[in-house]
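Asks: Provided below are the primary sequence and the corresponding predicted coordinates.
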Amino acid sequence: MVAEYDVAADISKIDFGATGVTEILQNVRMILATPEFSCPIDRDFAYNPDIDGPINLVQAKLTSRIVNAIKKYEPRAQVIKVTYQGDKKEGKLKPVVKVRIKDDVEI
């Protein structure tokens with residue numbers, strides 16, 4: 001059975017010694033929590049959440065950007081699904097990504 005994990009943007013606690021699945025999930029959380037251009041060493045790191053427009057279009061663009069960022073910066077995680085929490089009327093979307101860890105990663 002392959003484990004799947006729900007990951008949201010939360011970097012309140014960083015484990016600098018994380019390894020295996022813990023490290024991968026922490027990396028995905030960091031990608032979700034870091035706006036593009038905010039990392040001085042790598043301006044392309046993370047994804048660009050700055051989009052205005054109809055909520056369905058925004059979600060589609062964000063989903064594409066999130067999937068591409070995770071593929072690029074944490075290829076050991078496979079995105080299964082992206083859902084959103086938050087107040088759509090207020091325009092606040094918080095992505096939650098369901099990922100599967102690729103088979104060749106030690107747990």
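Replies: Yep, that arrived. Numbers count the residues shown, from 1 in each chain.

Asks: any idea which helix or strand of the protein has the worst average confidence?
Replies: Least confident helix or strand, the chain: helix 55-73 with a mean of 90, by mean pLDDT, DSSP states H and E.

Asks: Send me the helix or strand just after it as CSV with only the CA atoms.
Replies: As assigned by DSSP states H and E, the chain's next helix or strand after helix 55-73 is strand 77-85. Taking C-alpha atoms only, strand 77-85 is exported to CSV below (Å, rounded to 0.1, in the frame of the first residue of the first chain):
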residue,chain,number,x,y,z
ALA,A,77,6.9,13.8,-4.2
GLN,A,78,4.2,13.0,-6.8
VAL,A,79,1.2,15.4,-6.7
ILE,A,80,-2.1,13.4,-6.6
LYS,A,81,-4.6,16.2,-6.0
VAL,A,82,-4.7,19.9,-5.1
THR,A,83,-7.7,21.3,-3.2
TYR,A,84,-8.3,24.7,-1.6
GLN,A,85,-9.4,25.9,1.8
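
Asks: what pairs with strand 77-85, and is each one parallel or antiparallel?
Replies: Sheet pairing of strand 77-85 (DSSP bridges) gives strand 94-101 (antiparallel).

Asks: Now the partner strand: buried residues?
Replies: 95, 97, 99, 101 (16 or more other Cβ atoms under 10 Å). For glycine as for every other residue, the C-beta is placed from the backbone atoms N, C-alpha and C.

Asks: C-alpha coordinates for it, PDB please?
Replies: Taking Å, rounded to 0.1, in the frame of the first residue of the first chain, the C-alpha atoms of strand 94-101 are listed here in PDB:
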ATOM      1  CA  LYS A  94      -5.000  28.100   0.900                       C
ATOM      2  CA  PRO A  95      -3.800  25.100  -1.200                       C
ATOM      3  CA  VAL A  96      -3.700  21.600   0.300                       C
ATOM      4  CA  VAL A  97      -1.700  19.200  -1.800                       C
ATOM      5  CA  LYS A  98      -2.100  15.400  -1.600                       C
ATOM      6  CA  VAL A  99       1.200  13.800  -2.400                       C
ATOM      7  CA  ARG A 100       2.500  10.300  -2.800                       C
ATOM      8  CA  ILE A 101       6.200   9.600  -2.000                       C
END
